[in-house]
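Peer 1: just coords:
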């Protein structure tokens, strides 16, 4: 069994670092608060999608290649849902003339944007997980 640390992740140059995710998340939460109750359904959908995806992704390194192959389509679908629900939040905020620099910070590298959004979903899941105690 291979052991992993956060420092292993930090070596990946394209990964969304914890500090970056925290900054983006705090900016986004502030915008959600400004936007008011109408954005809450979109935000809730994003949170649900993030927690679901993060649970799958967290297990990924514990699975055999055969197990990964069996659930890869499901993981991809969950990742697609994270992206879709985050885009809905962004569109809502854009439609109300609220700042969207948080999204550019998250997706500035078009090649790595998908992975960075997945990293962000894991960060969001972490925030909700530690606050649930």
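Peer 2: It's in. Computed from a predicted structure; not experimentally measured.

Peer 1: quick one: contacts for residue 4?
Peer 2: Contacts for residue 4 (C-beta atoms under 8 Å, 6 or more residues apart in numbering) come out as residue 61. Yep, even glycine has a C-beta here, placed from its N, CA and C like the rest.

Peer 1: for it, helix, strand, or coil?
Peer 2: With DSSP: H, G, I helix; E, B strand; the rest coil as the basis, residue 4 sits in coil.

Peer 1: Need the phi and psi values for it.
Peer 2: phi -130, psi 150 (degrees, to the nearest 10).

Peer 1: Return the per-residue confidence for it.
Peer 2: Listed pLDDT for residue 4 reads 85.

Peer 1: now do the one 10 residues further on
Peer 2: Note on residue 14: pLDDT of 81.

Peer 1: my read: it touches residue 118, true?
Peer 2: No. Here residue 14 lies out of contact with residue 118, judged by C-beta atoms under 8 Å, at a distance of 11.4 Å.

Peer 1: and the residue lying closest to residue 60 once chain neighbours are set aside, how many neighbours?
Peer 2: Spatial nearest neighbour of residue 60, chain neighbours left out: residue 68 (6.8 Å); criterion: C-beta to C-beta, 6 or more residues apart in numbering. Neighbourhood size, residue 68 [other C-beta atoms under 10 Å]: 14.
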